[in-house]
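Undergrad: for reference, the sequence and a predicted model appear below.
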Amino acid sequence: MMQDWNTYRDALLERVGDYAKLSPDVMRGLVTIDGAAAKTGKLEAKVHELIALAVAVTTRCDGCIAVHTKKAVEHGATREEISEALGVAIALNAGAALTYSARVLDAHAALPNK
């Protein structure tokens, strides 16, 4: 195992709790934003967590990975479903690299006397 995700998640949540005591309004705002996405009820909780995992990978957030992996499993996500969501994240990152590669070529073409 690359790291002890359970210990990391517990320590992270403890530090987040410390932060919440220092900045309760920021935490209330985050909780409001987090809950707002689920209020429509159009997607089940498991799907929200699978999306969260894909975003966590693309934003490289270990804390998000630790928290949302646990939540995804709690909402019934299987290893295979998680893997599929991660495949989407991988494809998007590759697509973004391709898109930005085109921008590099465009910037190169714009140079005078290349």
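TA: Okay, I see it.
Undergrad: what about whichever helix in the chain runs longest, distance to the chain center?
TA: Ranked by residue count under DSSP state H, the longest helix found in the chain is helix 79-110. Helix 79-110 has its C-alpha centroid displaced from the chain centroid by 16 Å (CA atoms, centre = their mean, to the nearest Å).
Undergrad: need the residues that contact the helix or strand hosting residue 71.
TA: When elements are assigned from DSSP states H and E, residue 71 belongs to helix 62-74. The contact list for helix 62-74, computed with CB atoms under 8 Å, 6 or more residues apart in numbering, reads 5, 8-9, 12-13, 45-46, 49-50, 52-53, 55-57, 81-82. To be clear about C-beta, it is placed using only N, CA and C from the backbone, and glycine gets the same treatment.
Undergrad: mind redoing it with 7 Å?
TA: The set of residues external to helix 62-74 that reach it, using CB atoms under 7 Å, 6 or more residues apart in numbering, is 5, 8-9, 12, 46, 49-50, 52-53, 56, 82.
Undergrad: that helix: how far from the chain's middle?
TA: With CA atoms, centre = their mean, you get 9 Å for helix 62-74.
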